[in-house]
Structure formats: C-alpha cells, structure tokens
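Student: Model the structure of this input:
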Amino acid sequence: SYCILFLYSRGAYLGLCAGLFILFLFKNQKLLIPLVLVGLFWQAVLPQKAIDRIKGTTNEYGELDESSELRLVMWEKGFELFHQSPVFGIGYGVFRLMDFGTGLHDTHNIYVKILVEQGVVGMIIFLVVVFAFVRQGFYLYQKGADDMSKGLGLGLWVSMITLLINNFFGDRWAYLELSAYGWAFAG
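Tutor: Got it, this is the predicted structure:
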C-alpha cells in the first residue's frame, strides 16, 4: 500500500481500493470501516502530493490535464484503427510503432490495445483466460481443502479483479517485468 501510494497513479489507487474492499468484504468486514473512513476523509489522511495527483485530473477551468487528455486522444486513435480491422486487429506490437504526433506510442489501456492490435478474436481469447483465472481463484477460495489453498484462491481472485480495474489506465499485463509473477501465481 505504501509503494502504491507514492506511485501517484490514479488507476493504481482505484485498483487498490477495489481490491481492499473485496478482500475486507470476504475476510474481515471490520476493516471496511477504516477503508470507508479513508475514502470519506482522503484529503485529511493522504500525503499532499497524492491529493494533488488525484485532484489533478482537471485544471481550475475544468479541462482535463495533459496526461488524461493524451490518453483520450490515444484511445480515440485506437478505436479508429480498430474499426479498420475489427476481427484480427492491426497486428501485435504494431500500435507502438505508429506516430500520432502526441509523443505517446501506447494506448495506456490494455483493452483498447488488444482490440486494436488483436481485434475481437484476441480480446475474446484474452478475456476467456483472465476470467478463467478469476473463476478458478474464487472456486479455490470457496472449495479449498485447507486455509492455505483458500488463501491462495482469495489472493488470486482479488488480484485479478484489481488488475482488471487497473489495466483500464495502463497495460501492466503487457510488460513481463510487471506481470510475470502474477501470471506464474495464476498458473
């Protein structure tokens, strides 16, 4: 939690909150109270830089900050490419080779990236694999033979849901350095 706090990533904050909510809901409902209190009084308990980052989505005129604006532009470009080749996409890794004049070469959203590069076929395969891990994690949590297997199942289930949320704002699953341990754990 400490490391995520100082990443200054709004997507990571959202994923962490969702993961903790699910974890506390299933394992220790008493911990929901401090989580809700932090959610209500986040401006009083979080460091100022984290508060500035969360509030920094828009400027004083209500316009999106540069980071958010560029992501929306890249998503729009991605959907334009998706409509050109919706079934199989434009090819794995091709999007990062394109120049849209924004200085970005990534969609910053795994779902847009997969749709663009691998089309509907790739997205279906990806979602089947991910939701199989979600289902298996929950199944192991419910039906595990001992506390260890139940804990592993709960950990897998919560981490996959957290990553499903977090990857709306990035593509952490595409980088081996970030995801190898998670995929090994899921396997």
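
Student: Val38 against Ala44, yeah?
Tutor: No: checked against Cβ atoms under 8 Å, the pair Val38 and Ala44 is beyond contact range at 9.3 Å. No exception for glycine: its C-beta is placed from N, CA and C like everyone else's.

Student: Looking at those two, which one has more neighbours?
Tutor: Neighbour comparison, Val38 and Ala44: the larger count goes to Val38, with 14 against 9 (by other Cβ atoms under 10 Å).

Student: Need the pLDDT of that one.
Tutor: Looking at Val38, its pLDDT reads 90.

Student: now do the one 5 residues further on
Tutor: With respect to pLDDT, Gln43 has a value of 89.

Student: Now do the host helix or strand of it: which elements does it pack against?
Tutor: Element membership of Gln43 [criterion: DSSP states H and E] is helix 42-45. When contacts are defined as 3 or more Cβ pairs under 8 Å, 6 or more residues apart in numbering; DSSP states H and E, helix 42-45 sits against helix 48-55.

Student: Can you name every helix or strand that the following helix or strand past the helix it packs on contacts?
Tutor: Downstream of helix 48-55, the first helix or strand assigned by DSSP H and E is helix 66-84. Helix 66-84 sits against helix 110-143, with contacts defined as 3+ Cβ pairs under 8 Å, 6+ apart.

Student: Buried by neighbour count: which residues of the helix it packs on qualify?
Tutor: By 16 or more other Cβ atoms under 10 Å, the buried positions in helix 110-143 come out as 110-119, 122-123, 126, 130, 133-134, 137-138, 140-141.

Student: tell me the mean pLDDT for it?
Tutor: When pLDDT is averaged along helix 110-143, the result is 95.

Student: Next, the angle from that helix to helix 66-84.
Tutor: 90 degrees (axes from the mean of the first three to the mean of the last three Cα atoms, to 10 degrees).
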